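Undergrad: sequence plus the predicted model coming up.
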Amino acid sequence: MSEPDPLDPPDPTAEPDAAIQAACPALWACLSPLGRRVRQGAAFLPLQSAQARGKPFNATIGQITDGRGRAVPLPSMAAVLAGLDDAERSQAFLYSPVEGLAALRHLWRERQRQGQAEERASSLPVVTAGPAQALALAAEMFVAEGRPVVLAEPVPAADRDLFELRLGGRLIPAPEIHGGHFDPTVLSRKLDGLPDGEPAVAVLRFPAQPGGYVPPSRER
């Protein structure tokens, strides 16, 4: 193997890749080849938005702000939300963060974790434009050629095309549906049947499956 050229620029992916492998090797093993290559800076800002900072008005980002981050809505629109304070009114008119509003994500995670043990870790959910985009994002990040993908039956044709045809995943249907509800023990058995250490993707389409059944709920 040839020695690296000292004049070559450093690889910007090396440091974050090493950090992920050291902090959570299981996550690194689960990422797809695309998931390992994709990058976006933590402080990403479009050029025009950066150039407009500090100016009296900024409309380069598809919305109008007053130069201090507050929305400048039309008077007729502002009147509709006159009962809100400035911060809440700006939030109503401005773009949400790409990953969704933090408060909403925390509330949704709280709902997801009803009945779950405290020691069972989970991340904050990410807001997407719809279930199709959510599945596509998850698939591209974690499905590699030949990787097992467990899906509850009936498997929609679009899901089969995405996970199997497009990304080369190995579909494992989980068929048992009882009283209109998917039985999570079936999913557990399917995963237990895989070789130890083999990454797999399990897809649960909640709150409703295309077939119309929904997960069992539990009151607080």
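TA: Happy to help now that I have it.

Undergrad: in the protein, where is pLDDT below threshold?
TA: The chain contains residues with pLDDT under 70 at 1-13, 40-50, 52, 57-61, 176-183, 205-220.

Undergrad: what about the helices in it?
TA: 14-23, 25-30, 33-37, 47-52, 75-80, 86-93, 102-112, 131-142, 157-160, 184-192 (DSSP state H).

Undergrad: so what's the residue nearest to the spatial centre of the chain up against?
TA: Closest residue to the average C-alpha location of the chain: residue 126 at 4.3 Å, with C-alpha atoms, centre = their mean. Neighbour list for residue 126: 99-100, 105, 134, 137 [criterion: C-beta atoms under 8 Å, 6 or more residues apart in numbering]. Backbone N, C-alpha and C define where each C-beta goes, glycine included.

Undergrad: for residue 29, state which of those residues is nearest.
TA: For the contacts of residue 126, the closest approach to residue 29 (C-beta to C-beta) belongs to residue 137, at 19.1 Å.

Undergrad: thought that closest one was touching residue 128?
TA: Yes: look at residue 137 against residue 128 with C-beta atoms under 8 Å: they come within range, at 6.5 Å.

Undergrad: one step back: got phi/psi on the residue nearest to the centre of the chain?
TA: phi -110, psi 130 (degrees, to the nearest 10).

Undergrad: now residue 96: closest residue in space, sequence neighbours ignored.
TA: residue 127 (7.3 Å; C-beta to C-beta, 6 or more residues apart in numbering).

Undergrad: can you count the residues close to that neighbour?
TA: 15 (other C-beta atoms under 10 Å).

Undergrad: for the remainder of this discussion, apply numbering that starts at 454.
TA: Got it, the first residue is 454 from now on, which makes the last one we talked about residue 580.

Undergrad: from residue 553, how far off is it?
TA: Counting by C-beta to C-beta, to the nearest Å, the separation of residue 580 from residue 553 is 3 Å.
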